[in-house]
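Mind folding the following:
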Amino acid sequence: MEAYEAPIPAEAVKKLLLPGEIVDLSNAAEQLTGYHRKTIHEVKNG
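Numbers count the residues shown, from 1 in each chain. All right, here's what the predicted structure looks like:
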């Protein structure tokens, strides 16, 4: 992380990826884990 002058990993990611790439990566991770789908189901069904 020193090479990117980032104190934490999240800051390094922000320096390595464009904002749209971060969103795409986040969406892919949610899809693979099923997190987003579970959350929507819980919100709709209580």
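
Count the neighbours of Glu21 for me.
Residues near Glu21, counting by other Cβ atoms under 10 Å, number 11. Glycine gets a C-beta too; all of them are placed from N, C-alpha and C.

any chance you could map the helices in the chain?
9-16, 19-33, 35-45 (DSSP state H).

Could you dump these into TSV with distance to Glu2 and mean pLDDT added?
Shown next, in TSV, are the helices of the chain (distance: least, Cβ to Cβ, whole Å; pLDDT from 0 to 100):
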stretch	distance to Glu2	mean pLDDT
helix 9-16	10	92
helix 19-33	21	89
helix 35-45	32	73
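
Could you dump those helices into JSON lines with distance to Ala3 added?
What follows is the helices of the chain, written out as JSON lines (distance: least, Cβ to Cβ, whole Å):
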{"stretch": "helix 9-16", "distance to Ala3": "9"}
{"stretch": "helix 19-33", "distance to Ala3": "19"}
{"stretch": "helix 35-45", "distance to Ala3": "31"}
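
Met1: which of those is closest?
helix 9-16 (5.1 Å; Cβ to Cβ).

how much distance is there from the closest one to the middle of the chain?
Centroid separation for helix 9-16 versus its chain: 11 Å, with Cα atoms, centre = their mean, to the nearest Å.

Can you mark which positions in that helix are buried?
If you call a residue buried by 16 or more other Cβ atoms under 10 Å, then helix 9-16 has these buried ones: Ala12.

CA atoms of it as CSV?
Output in CSV follows, covering the C-alpha atoms of helix 9-16 (Å, rounded to 0.1, in the frame of the first residue of the first chain):
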residue,chain,number,x,y,z
PRO,A,9,-6.7,-1.0,1.5
ALA,A,10,-9.9,0.8,0.6
GLU,A,11,-8.0,3.9,-0.3
ALA,A,12,-5.6,1.9,-2.5
VAL,A,13,-8.6,0.5,-4.4
LYS,A,14,-9.9,4.0,-4.9
LYS,A,15,-6.6,4.9,-6.5
LEU,A,16,-6.4,1.8,-8.6
